[in-house]
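Peer 1: curious how this folds, go ahead:
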Amino acid sequence: MARAGSVLFLLASSLAVSAGSWYQPRDHPVHDLFKRQNISVSLSGAAAIGTAPWIAQYPADLTKATVPAAWKAAYDSAVSKGLIPNIPPATLGTDGVAKYATGFDPLSAAVCDSSQDCRINGTIPQVWDALPGHAGISFDDGPLELATASPLYTFLKQNNQGSTHFMIGSNMIANSDSLKMLVQDEKQELACHTWTHPVMTTQTDTQILLELGWTLQLIHDITNGRIPKIWRPPTGASDMRVCAIAYYVFGLTTVIWNYDSNDWQIGATDATAVYTDESVTASLTGWLNGPKTPGLLMLEHELNNHTVGCFINTYPLHKSNGWISTTVSDAIAAPSWYQNSLNNTAPLVALDVAAPAPSAVPSPPAPVATTSTTPPASAASASASATKGSSKNASNGVSDVGPLAMISSTALLGALLCSVAFW
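Peer 2: Numbering: from 1, shown residues only. Now for the predicted structure:
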(Lines give C-alpha, C1' and ligand atoms only; values in the text may rest on other atoms or scores of the structure.)
Protein backbone atom coordinates (compact mmCIF):
# COMPACT_ATOMS: atom_id res chain seq x y z
CA MET A 1 0.00 0.00 0.00
CA ALA A 2 2.88 2.39 0.83
CA ARG A 3 4.51 1.64 -2.55
CA ALA A 4 1.23 2.34 -4.32
CA GLY A 5 0.94 5.63 -2.43
CA SER A 6 4.52 6.52 -3.38
CA VAL A 7 3.87 5.90 -7.07
CA LEU A 8 0.64 7.91 -7.05
CA PHE A 9 2.31 10.77 -5.19
CA LEU A 10 5.24 10.99 -7.60
CA LEU A 11 2.93 10.73 -10.59
CA ALA A 12 0.60 13.43 -9.31
CA SER A 13 3.50 15.69 -8.34
CA SER A 14 5.15 15.48 -11.76
CA LEU A 15 2.02 15.79 -13.90
CA ALA A 16 -0.40 17.96 -11.91
CA VAL A 17 -0.93 21.61 -12.70
CA SER A 18 -0.65 23.98 -9.74
CA ALA A 19 -3.93 24.35 -7.87
CA GLY A 20 -3.24 27.79 -6.43
CA SER A 21 -2.18 28.63 -2.90
CA TRP A 22 -4.74 26.80 -0.75
CA TYR A 23 -2.12 24.28 0.38
CA GLN A 24 1.03 24.71 2.46
CA PRO A 25 4.38 24.65 0.58
CA ARG A 26 6.29 21.37 0.77
CA ASP A 27 9.09 23.00 2.80
CA HIS A 28 6.61 24.26 5.41
CA PRO A 29 7.14 22.68 8.86
CA VAL A 30 3.50 21.56 8.93
CA HIS A 31 4.46 18.65 6.68
CA ASP A 32 6.19 17.02 9.64
CA LEU A 33 3.23 17.40 11.98
CA PHE A 34 1.51 14.05 11.66
CA LYS A 35 3.66 10.93 11.95
CA ARG A 36 2.04 7.55 11.32
CA GLN A 37 1.91 5.42 14.43
CA ASN A 38 3.56 2.03 13.94
CA ILE A 39 0.91 -0.06 15.69
CA SER A 40 -0.21 -3.26 14.05
CA VAL A 41 -3.74 -4.20 15.22
CA SER A 42 -5.58 -2.18 12.67
CA LEU A 43 -8.96 -1.09 11.42
CA SER A 44 -7.53 1.73 9.31
CA GLY A 45 -3.75 1.57 9.37
CA ALA A 46 -3.30 2.46 13.05
CA ALA A 47 -4.43 0.76 16.27
CA ALA A 48 -8.01 -0.52 16.11
CA ILE A 49 -10.55 2.05 17.25
CA GLY A 50 -11.54 1.64 20.89
CA THR A 51 -8.64 -0.60 21.91
CA ALA A 52 -6.25 0.26 24.73
CA PRO A 53 -3.30 0.81 22.33
CA TRP A 54 -5.46 3.19 20.30
CA ILE A 55 -6.56 5.20 23.34
CA ALA A 56 -2.99 5.33 24.67
CA GLN A 57 -1.84 7.33 21.63
CA TYR A 58 -3.80 10.41 22.69
CA PRO A 59 -3.76 12.73 25.73
CA ALA A 60 -5.84 11.57 28.68
CA ASP A 61 -5.70 15.13 30.02
CA LEU A 62 -4.99 17.93 27.55
CA THR A 63 -3.94 20.29 30.36
CA LYS A 64 -0.98 18.00 31.03
CA ALA A 65 -0.07 17.44 27.38
CA THR A 66 2.93 18.99 25.67
CA VAL A 67 3.11 20.30 22.13
CA PRO A 68 5.03 17.89 19.87
CA ALA A 69 8.26 19.40 18.56
CA ALA A 70 7.13 19.45 14.93
CA TRP A 71 3.93 21.35 15.76
CA LYS A 72 5.96 23.88 17.75
CA ALA A 73 8.39 24.27 14.86
CA ALA A 74 5.53 25.04 12.46
CA TYR A 75 4.13 27.57 14.91
CA ASP A 76 7.52 29.22 15.51
CA SER A 77 8.03 29.49 11.76
CA ALA A 78 4.68 31.26 11.34
CA VAL A 79 5.44 33.62 14.23
CA SER A 80 8.87 34.48 12.80
CA LYS A 81 7.19 35.44 9.51
CA GLY A 82 4.77 37.76 11.29
CA LEU A 83 1.76 35.61 10.42
CA ILE A 84 0.35 35.19 13.95
CA PRO A 85 -1.15 38.40 15.40
CA ASN A 86 -0.15 39.30 18.95
CA ILE A 87 -3.65 39.42 20.43
CA PRO A 88 -3.94 38.56 24.15
CA PRO A 89 -6.43 35.79 24.94
CA ALA A 90 -9.85 37.16 25.83
CA THR A 91 -11.61 36.45 29.10
CA LEU A 92 -15.18 35.19 29.20
CA GLY A 93 -17.62 37.54 30.89
CA THR A 94 -20.55 36.40 33.01
CA ASP A 95 -22.77 37.21 30.03
CA GLY A 96 -20.86 34.70 27.92
CA VAL A 97 -19.29 37.42 25.76
CA ALA A 98 -15.51 37.48 25.31
CA LYS A 99 -13.82 40.54 26.79
CA TYR A 100 -10.58 41.73 25.21
CA ALA A 101 -7.79 43.76 26.77
CA THR A 102 -7.89 47.53 26.47
CA GLY A 103 -6.92 48.60 22.97
CA PHE A 104 -8.17 45.41 21.31
CA ASP A 105 -11.57 46.05 19.75
CA PRO A 106 -13.32 42.74 18.95
CA LEU A 107 -15.10 44.36 15.99
CA SER A 108 -11.94 45.87 14.49
CA ALA A 109 -10.27 44.32 11.45
CA ALA A 110 -7.19 43.63 13.58
CA VAL A 111 -9.10 41.41 16.05
CA CYS A 112 -12.43 40.51 14.39
CA ASP A 113 -14.20 38.17 16.83
CA SER A 114 -16.59 35.97 14.83
CA SER A 115 -18.75 35.29 17.91
CA GLN A 116 -19.60 39.00 17.76
CA ASP A 117 -20.51 38.75 14.07
CA CYS A 118 -17.26 40.16 12.70
CA ARG A 119 -16.25 38.60 9.38
CA ILE A 120 -12.59 38.46 8.39
CA ASN A 121 -12.23 40.33 5.12
CA GLY A 122 -10.12 38.15 2.85
CA THR A 123 -6.85 38.04 4.81
CA ILE A 124 -7.27 34.51 6.22
CA PRO A 125 -9.71 31.88 4.89
CA GLN A 126 -13.01 32.03 6.74
CA VAL A 127 -16.44 30.85 5.53
CA TRP A 128 -19.91 31.88 6.65
CA ASP A 129 -22.14 31.08 3.65
CA ALA A 130 -22.66 28.23 1.21
CA LEU A 131 -22.89 28.75 -2.53
CA PRO A 132 -26.29 29.94 -3.76
CA GLY A 133 -28.74 27.04 -3.94
CA HIS A 134 -26.50 24.81 -1.80
CA ALA A 135 -27.07 23.57 1.73
CA GLY A 136 -24.07 22.29 3.65
CA ILE A 137 -25.39 19.63 6.03
CA SER A 138 -23.32 19.43 9.20
CA PHE A 139 -23.45 18.26 12.79
CA ASP A 140 -21.35 19.59 15.66
CA ASP A 141 -20.10 17.97 18.88
CA GLY A 142 -20.11 14.30 17.92
CA PRO A 143 -19.83 11.53 18.31
CA LEU A 144 -22.21 10.88 21.20
CA GLU A 145 -23.22 7.53 22.69
CA LEU A 146 -24.45 4.92 20.22
CA ALA A 147 -28.11 5.31 21.25
CA THR A 148 -27.98 8.89 19.96
CA ALA A 149 -25.52 8.43 17.11
CA SER A 150 -27.01 5.32 15.54
CA PRO A 151 -30.37 6.82 14.46
CA LEU A 152 -28.62 9.74 12.75
CA TYR A 153 -25.89 7.70 11.07
CA THR A 154 -28.42 5.08 9.96
CA PHE A 155 -30.69 7.77 8.50
CA LEU A 156 -27.83 9.37 6.56
CA LYS A 157 -26.74 5.99 5.22
CA GLN A 158 -30.26 4.98 4.19
CA ASN A 159 -30.73 8.26 2.33
CA ASN A 160 -27.28 8.13 0.73
CA GLN A 161 -26.74 11.59 2.17
CA GLY A 162 -23.31 13.08 2.64
CA SER A 163 -22.70 15.47 5.52
CA THR A 164 -19.90 16.98 7.58
CA HIS A 165 -19.25 16.02 11.20
CA PHE A 166 -17.33 18.61 13.21
CA MET A 167 -15.90 16.21 15.77
CA ILE A 168 -14.71 16.74 19.34
CA GLY A 169 -11.53 14.78 20.00
CA SER A 170 -12.39 13.67 23.52
CA ASN A 171 -15.84 12.53 22.35
CA MET A 172 -14.22 10.36 19.69
CA ILE A 173 -12.24 8.63 22.42
CA ALA A 174 -15.21 8.30 24.78
CA ASN A 175 -17.67 7.03 22.16
CA SER A 176 -15.55 4.76 20.03
CA ASP A 177 -18.47 2.48 19.06
CA SER A 178 -20.23 5.44 17.46
CA LEU A 179 -16.99 6.50 15.80
CA LYS A 180 -16.54 3.05 14.28
CA MET A 181 -20.05 3.24 12.85
CA LEU A 182 -19.44 6.69 11.39
CA VAL A 183 -16.20 5.89 9.58
CA GLN A 184 -17.87 3.00 7.76
CA ASP A 185 -19.95 5.49 5.75
CA GLU A 186 -17.68 6.90 3.05
CA LYS A 187 -20.04 9.80 2.37
CA GLN A 188 -19.41 11.40 5.76
CA GLU A 189 -16.74 14.11 5.94
CA LEU A 190 -14.84 14.32 9.22
CA ALA A 191 -13.78 17.79 10.33
CA CYS A 192 -12.24 19.38 13.41
CA HIS A 193 -14.17 20.88 16.35
CA THR A 194 -11.28 20.89 18.89
CA TRP A 195 -10.41 18.37 21.59
CA THR A 196 -12.33 19.74 24.61
CA HIS A 197 -14.72 22.34 23.11
CA PRO A 198 -13.36 25.52 24.74
CA VAL A 199 -14.05 29.10 23.68
CA MET A 200 -10.99 29.36 21.47
CA THR A 201 -10.53 33.13 21.76
CA THR A 202 -9.85 32.61 25.49
CA GLN A 203 -7.10 30.05 24.87
CA THR A 204 -3.35 30.68 24.76
CA ASP A 205 -1.44 29.93 21.58
CA THR A 206 -0.14 26.71 23.14
CA GLN A 207 -3.64 25.60 24.09
CA ILE A 208 -4.86 26.29 20.54
CA LEU A 209 -2.06 24.13 19.14
CA LEU A 210 -3.07 21.25 21.42
CA GLU A 211 -6.82 21.59 20.80
CA LEU A 212 -6.48 21.56 17.02
CA GLY A 213 -3.41 19.38 16.63
CA TRP A 214 -4.59 16.37 18.61
CA THR A 215 -8.03 16.41 17.01
CA LEU A 216 -6.43 16.43 13.57
CA GLN A 217 -4.06 13.65 14.60
CA LEU A 218 -6.93 11.42 15.72
CA ILE A 219 -8.93 12.01 12.52
CA HIS A 220 -5.78 11.34 10.51
CA ASP A 221 -5.29 8.00 12.25
CA ILE A 222 -8.86 6.72 11.75
CA THR A 223 -9.07 7.74 8.07
CA ASN A 224 -5.87 6.08 6.86
CA GLY A 225 -4.00 9.36 6.97
CA ARG A 226 -6.39 12.08 5.85
CA ILE A 227 -6.05 15.58 7.29
CA PRO A 228 -9.23 17.70 7.49
CA LYS A 229 -9.24 20.94 5.57
CA ILE A 230 -11.92 22.70 7.62
CA TRP A 231 -12.67 23.28 11.28
CA ARG A 232 -15.45 24.99 13.22
CA PRO A 233 -14.70 26.91 16.43
CA PRO A 234 -16.90 25.98 19.41
CA THR A 235 -19.60 28.62 20.03
CA GLY A 236 -18.44 30.22 16.78
CA ALA A 237 -15.68 32.06 18.65
CA SER A 238 -12.58 32.81 16.59
CA ASP A 239 -10.53 35.89 15.88
CA MET A 240 -7.54 36.86 13.74
CA ARG A 241 -5.10 35.12 16.09
CA VAL A 242 -7.07 31.88 16.35
CA CYS A 243 -7.76 31.71 12.61
CA ALA A 244 -4.12 32.47 11.81
CA ILE A 245 -2.86 29.60 13.96
CA ALA A 246 -5.43 27.26 12.44
CA TYR A 247 -4.46 28.24 8.90
CA TYR A 248 -0.73 28.93 8.99
CA VAL A 249 0.17 26.07 11.33
CA PHE A 250 -2.41 23.43 10.42
CA GLY A 251 -3.70 24.47 6.99
CA LEU A 252 -7.29 24.79 8.25
CA THR A 253 -10.04 27.01 6.86
CA THR A 254 -12.39 28.34 9.55
CA VAL A 255 -16.08 27.59 8.93
CA ILE A 256 -18.78 29.44 10.88
CA TRP A 257 -22.53 29.41 9.97
CA ASN A 258 -25.17 31.82 8.72
CA TYR A 259 -28.18 30.33 10.55
CA ASP A 260 -28.18 29.10 14.15
CA SER A 261 -30.92 26.56 14.86
CA ASN A 262 -30.30 26.79 18.62
CA ASP A 263 -31.11 23.09 18.74
CA TRP A 264 -28.49 22.62 21.45
CA GLN A 265 -30.62 24.74 23.78
CA ILE A 266 -33.62 22.39 23.75
CA GLY A 267 -34.06 21.49 27.41
CA ALA A 268 -30.68 22.98 28.36
CA THR A 269 -30.32 24.40 31.87
CA ASP A 270 -28.10 27.21 30.55
CA ALA A 271 -30.38 28.08 27.63
CA THR A 272 -30.57 31.77 26.70
CA ALA A 273 -34.28 31.42 25.84
CA VAL A 274 -36.96 28.74 25.67
CA TYR A 275 -36.33 26.44 22.72
CA THR A 276 -38.39 23.37 21.91
CA ASP A 277 -38.47 20.73 19.21
CA GLU A 278 -41.31 22.71 17.64
CA SER A 279 -39.53 26.08 17.66
CA VAL A 280 -36.30 24.66 16.25
CA THR A 281 -38.19 22.72 13.58
CA ALA A 282 -40.04 25.92 12.66
CA SER A 283 -36.74 27.78 12.22
CA LEU A 284 -35.23 25.05 10.04
CA THR A 285 -38.43 24.90 7.99
CA GLY A 286 -38.39 28.65 7.41
CA TRP A 287 -34.80 28.63 6.15
CA LEU A 288 -35.31 25.63 3.90
CA ASN A 289 -38.42 27.26 2.43
CA GLY A 290 -36.61 30.57 2.06
CA PRO A 291 -34.29 32.29 -0.45
CA LYS A 292 -31.50 30.35 -2.14
CA THR A 293 -28.95 33.18 -1.82
CA PRO A 294 -26.80 32.91 0.10
CA GLY A 295 -26.70 29.16 0.46
CA LEU A 296 -27.32 27.56 3.82
CA LEU A 297 -24.77 26.71 6.49
CA MET A 298 -27.13 25.90 9.36
CA LEU A 299 -25.74 25.14 12.80
CA GLU A 300 -27.10 21.76 13.90
CA HIS A 301 -25.87 19.23 16.44
CA GLU A 302 -25.84 15.49 16.97
CA LEU A 303 -26.21 15.91 20.72
CA ASN A 304 -29.39 13.99 21.50
CA ASN A 305 -32.65 12.65 20.10
CA HIS A 306 -34.15 16.15 20.04
CA THR A 307 -31.46 17.69 17.83
CA VAL A 308 -31.31 14.64 15.58
CA GLY A 309 -35.10 14.53 15.36
CA CYS A 310 -35.31 18.15 14.23
CA PHE A 311 -32.94 17.40 11.37
CA ILE A 312 -34.70 14.20 10.32
CA ASN A 313 -38.14 15.82 10.42
CA THR A 314 -37.09 18.69 8.15
CA TYR A 315 -34.83 16.67 5.85
CA PRO A 316 -37.54 16.17 3.15
CA LEU A 317 -37.57 19.95 2.63
CA HIS A 318 -34.02 19.81 1.28
CA LYS A 319 -35.24 17.86 -1.73
CA SER A 320 -38.73 19.30 -2.12
CA ASN A 321 -37.28 22.81 -2.28
CA GLY A 322 -34.54 21.87 -4.72
CA TRP A 323 -31.53 22.45 -2.49
CA ILE A 324 -28.22 20.89 -3.51
CA SER A 325 -27.53 19.35 -0.12
CA THR A 326 -24.01 18.05 0.45
CA THR A 327 -21.06 18.08 2.80
CA VAL A 328 -19.89 21.53 3.87
CA SER A 329 -16.74 21.29 1.75
CA ASP A 330 -18.80 20.58 -1.36
CA ALA A 331 -21.32 23.30 -0.50
CA ILE A 332 -18.56 25.93 -0.34
CA ALA A 333 -16.78 24.56 -3.43
CA ALA A 334 -13.60 23.69 -1.55
CA PRO A 335 -11.21 21.79 -3.84
CA SER A 336 -11.24 18.75 -1.55
CA TRP A 337 -12.58 17.46 1.76
CA TYR A 338 -9.12 16.81 3.09
CA GLN A 339 -5.78 18.50 2.61
CA ASN A 340 -4.28 15.38 1.06
CA SER A 341 -7.26 13.59 -0.52
CA LEU A 342 -10.39 14.55 -2.41
CA ASN A 343 -12.63 12.54 -0.09
CA ASN A 344 -12.79 9.25 1.82
CA THR A 345 -12.26 7.01 -1.22
CA ALA A 346 -9.95 8.97 -3.54
CA PRO A 347 -6.19 8.30 -3.68
CA LEU A 348 -4.16 9.70 -0.83
CA VAL A 349 -0.98 11.77 -0.88
CA ALA A 350 1.05 9.96 1.78
CA LEU A 351 4.39 8.16 2.28
CA ASP A 352 3.90 6.52 5.66
CA VAL A 353 3.04 10.05 6.85
CA ALA A 354 -0.20 12.00 6.38
CA ALA A 355 0.84 15.44 5.23
CA PRO A 356 -1.15 18.44 4.03
CA ALA A 357 -1.59 18.51 0.29
CA PRO A 358 1.14 19.45 -2.13
CA SER A 359 0.20 21.39 -5.27
CA ALA A 360 -2.70 19.01 -5.96
CA VAL A 361 -4.38 15.96 -4.53
CA PRO A 362 -4.69 12.94 -6.82
CA SER A 363 -7.84 12.56 -8.86
CA PRO A 364 -9.69 9.24 -8.64
CA PRO A 365 -8.53 6.63 -11.17
CA ALA A 366 -10.20 6.95 -14.56
CA PRO A 367 -12.92 4.36 -15.18
CA VAL A 368 -11.82 1.40 -17.27
CA ALA A 369 -13.07 1.82 -20.83
CA THR A 370 -15.56 -0.76 -22.07
CA THR A 371 -16.66 -1.60 -25.59
CA SER A 372 -20.30 -0.81 -26.28
CA THR A 373 -22.57 -0.04 -29.16
CA THR A 374 -23.57 3.55 -29.87
CA PRO A 375 -26.60 4.32 -27.72
CA PRO A 376 -29.80 5.72 -29.17
CA ALA A 377 -29.95 9.50 -29.37
CA SER A 378 -32.23 9.74 -26.34
CA ALA A 379 -29.88 7.63 -24.23
CA ALA A 380 -26.85 9.57 -25.43
CA SER A 381 -28.37 12.87 -24.38
CA ALA A 382 -29.32 11.44 -21.01
CA SER A 383 -25.74 10.34 -20.37
CA ALA A 384 -24.27 13.83 -20.55
CA SER A 385 -22.66 14.68 -17.23
CA ALA A 386 -21.87 17.92 -15.46
CA THR A 387 -18.71 18.54 -13.47
CA LYS A 388 -18.69 20.53 -10.28
CA GLY A 389 -17.26 24.02 -10.67
CA SER A 390 -13.87 24.29 -9.04
CA SER A 391 -13.87 28.04 -8.54
CA LYS A 392 -15.14 29.54 -5.30
CA ASN A 393 -18.08 31.94 -5.65
CA ALA A 394 -16.78 35.37 -4.75
CA SER A 395 -19.77 36.08 -2.52
CA ASN A 396 -18.96 33.09 -0.33
CA GLY A 397 -16.34 34.85 1.76
CA VAL A 398 -13.46 32.42 1.17
CA SER A 399 -10.02 33.53 0.15
CA ASP A 400 -6.99 31.48 -0.81
CA VAL A 401 -8.98 28.54 -2.26
CA GLY A 402 -7.79 27.85 -5.79
CA PRO A 403 -9.17 25.47 -8.42
CA LEU A 404 -8.48 21.77 -8.17
CA ALA A 405 -5.51 20.84 -10.33
CA MET A 406 -6.32 18.69 -13.34
CA ILE A 407 -4.42 15.55 -14.33
CA SER A 408 -4.47 14.27 -17.91
CA SER A 409 -6.30 11.09 -18.81
CA THR A 410 -2.95 9.51 -19.61
CA ALA A 411 -1.69 10.29 -16.13
CA LEU A 412 -4.82 8.90 -14.56
CA LEU A 413 -4.51 5.66 -16.48
CA GLY A 414 -0.89 5.45 -15.39
CA ALA A 415 -1.91 6.01 -11.78
CA LEU A 416 -4.45 3.22 -12.05
CA LEU A 417 -1.93 0.78 -13.51
CA CYS A 418 0.66 1.67 -10.88
CA SER A 419 -1.88 1.28 -8.11
CA VAL A 420 -2.90 -2.14 -9.36
CA ALA A 421 0.70 -3.25 -9.80
CA PHE A 422 1.93 -2.27 -6.35
CA TRP A 423 -1.16 -2.56 -4.08
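Peer 1: neighbours of P367, how many?
Peer 2: If you count neighbours by other CB atoms under 10 Å, P367 ends up with 8. All C-beta spots, glycine's among them, are computed from the backbone N, C-alpha and C.
Peer 1: let me redo that: K72
Peer 2: Neighbour number of K72 under other CB under 10 Å is 16.
Peer 1: what about stretch 47-57, how long is it end to end?
Peer 2: 9 Å (CA to CA, to the nearest Å).
Peer 1: stretch 254-270 now?
Peer 2: First-to-last residue span, stretch 254-270, CA to CA: 26 Å.
Peer 1: list the buried residues for stretch 71-88?
Peer 2: 71-75, 77-79, 84-85, 87 (16 or more other CB atoms under 10 Å).
Peer 1: among those, name the ones in strands.
Peer 2: Judged by DSSP state E, strands contain none of the buried residues of stretch 71-88.
Peer 1: from those residues, which two are the most distant?
Peer 2: Using CB to CB, the buried residues of stretch 71-88 span at most 22.0 Å, a distance reached by A73 and I87.
Peer 1: chain neighbours aside, what residue packs nearest to A130?
Peer 2: Nearest in space to A130, with sequence neighbours left out and distances taken as CB to CB, 6 or more residues apart in numbering, is G295 at 2.9 Å.
Peer 1: cool, N340 as well?
Peer 2: V349 (4.2 Å).
Peer 1: how near is that neighbour to P362?
Peer 2: 7 Å (CB to CB, to the nearest Å).
Peer 1: mind listing the helices for the protein?
Peer 2: 2-15, 52-56, 69-80, 146-158, 169-174, 176-183, 205-222, 240-250, 277-288, 305-314, 316-320, 328-331, 377-382, 409-422 (DSSP state H).
Peer 1: out of those helices, the one nearest R119 is which?
Peer 2: Of all these, helix 240-250 sits nearest to R119, with 11.0 Å by CB to CB.
Peer 1: quick one: list the elements packing against the closest one.
Peer 2: helix 69-80, helix 205-222, strand 253-255 (3 or more CB pairs under 8 Å, 6 or more residues apart in numbering; DSSP states H and E).
Peer 1: in JSON lines: the buried residues of stretch 71-88, plus pLDDT.
Peer 2: Listed next are the buried residues of stretch 71-88 as JSON lines, based on pLDDT from 0 to 100:
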{"residue": "W71", "pLDDT": "89"}
{"residue": "K72", "pLDDT": "91"}
{"residue": "A73", "pLDDT": "88"}
{"residue": "A74", "pLDDT": "90"}
{"residue": "Y75", "pLDDT": "93"}
{"residue": "S77", "pLDDT": "91"}
{"residue": "A78", "pLDDT": "93"}
{"residue": "V79", "pLDDT": "96"}
{"residue": "I84", "pLDDT": "97"}
{"residue": "P85", "pLDDT": "98"}
{"residue": "I87", "pLDDT": "98"}
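Peer 1: name the nearest of those relative to K180.
Peer 2: W71 (27.2 Å).
Peer 1: which non-adjacent residue is nearest M181?
Peer 2: Leaving aside its sequence neighbours, M181 sits nearest to Y153 (CB to CB, 6+ apart; 5.3 Å).
Peer 1: return the per-residue confidence for the nearest residue to N305 once chain neighbours are set aside.
Peer 2: Nearest residue to N305, sequence neighbours excluded (CB to CB, 6+ apart): T148, at 6.4 Å. For T148, the pLDDT comes out at 95.
Peer 1: what about T148, how many neighbours?
Peer 2: Counted with other CB under 10 Å, T148 comes out at 20.
Peer 1: ok now do it, which residues does it touch?
Peer 2: Applying CB atoms under 8 Å, 6 or more residues apart in numbering, we find T148 in contact with 178, 302-305, 308.
Peer 1: go on, A135?
Peer 2: 288, 295-296, 298, 318, 323-326, 331.
Peer 1: please redo it, this time with the cut-off set to 7 Å
Peer 2: 295-296, 318, 323, 325, 331 (CB atoms under 7 Å, 6 or more residues apart in numbering).
Peer 1: look at the residue nearest to L342 when sequence neighbours are not counted and report its pLDDT.
Peer 2: Leaving aside its sequence neighbours, L342 sits nearest to S336 (CB to CB, 6+ apart; 4.7 Å). pLDDT recorded at S336 is 94.
Peer 1: any idea of the mean pLDDT in stretch 221-229?
Peer 2: In this model, stretch 221-229 has an average pLDDT of 92.
Peer 1: picking up where we left off before, got the helices of the chain as a markdown table, with distance to F104 columns?
Peer 2: Listed next are the helices of the chain as a markdown table, based on distance: least, CB to CB, whole Å:
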| stretch | distance to F104 |
| --- | --- |
| helix 2-15 | 43 |
| helix 52-56 | 39 |
| helix 69-80 | 18 |
| helix 146-158 | 39 |
| helix 169-174 | 29 |
| helix 176-183 | 38 |
| helix 205-222 | 15 |
| helix 240-250 | 10 |
| helix 277-288 | 33 |
| helix 305-314 | 35 |
| helix 316-320 | 41 |
| helix 328-331 | 30 |
| helix 377-382 | 59 |
| helix 409-422 | 50 |
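Peer 1: doesn't F166 make contact with L190?
Peer 2: No. Judged on CB atoms under 7 Å, L190 makes no contact with F166 at a distance of 8.7 Å.
Peer 1: which other residues reach stretch 237-252?
Peer 2: So stretch 237-252 is contacted by 23-24, 30, 74-75, 78, 83-85, 87, 98, 110-115, 120, 124-126, 192, 199-201, 205, 208-209, 212-213, 216, 229-231, 233, 253-254, 339, 356 (CB under 7 Å, 6+ apart).
Peer 1: so what's the gap between it and the chain middle?
Peer 2: Centroid separation for stretch 237-252 versus its chain: 14 Å, with CA atoms, centre = their mean, to the nearest Å.
Peer 1: check stretch 143-158 too.
Peer 2: Offset of stretch 143-158 from its chain centre (CA atoms, centre = their mean): 19 Å.
Peer 1: and it, what's buried?
Peer 2: Buried residues in stretch 143-158, defined by neighbour count with 16+ other CB under 10 Å: 143-144, 146, 148-150, 152-153, 156.
Peer 1: cool, stretch 169-184 as well?
Peer 2: By neighbour count with 16+ other CB under 10 Å, stretch 169-184 contains the buried residues 169-173, 175-176, 178-183.
Peer 1: now those residues in CSV, with distance to V249?
Peer 2: Shown next, in CSV, are those (distance: CB to CB, whole Å):
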residue, distance to V249
G169, 17
S170, 21
N171, 23
M172, 21
I173, 23
N175, 28
S176, 28
S178, 29
L179, 25
K180, 30
M181, 31
L182, 26
V183, 26
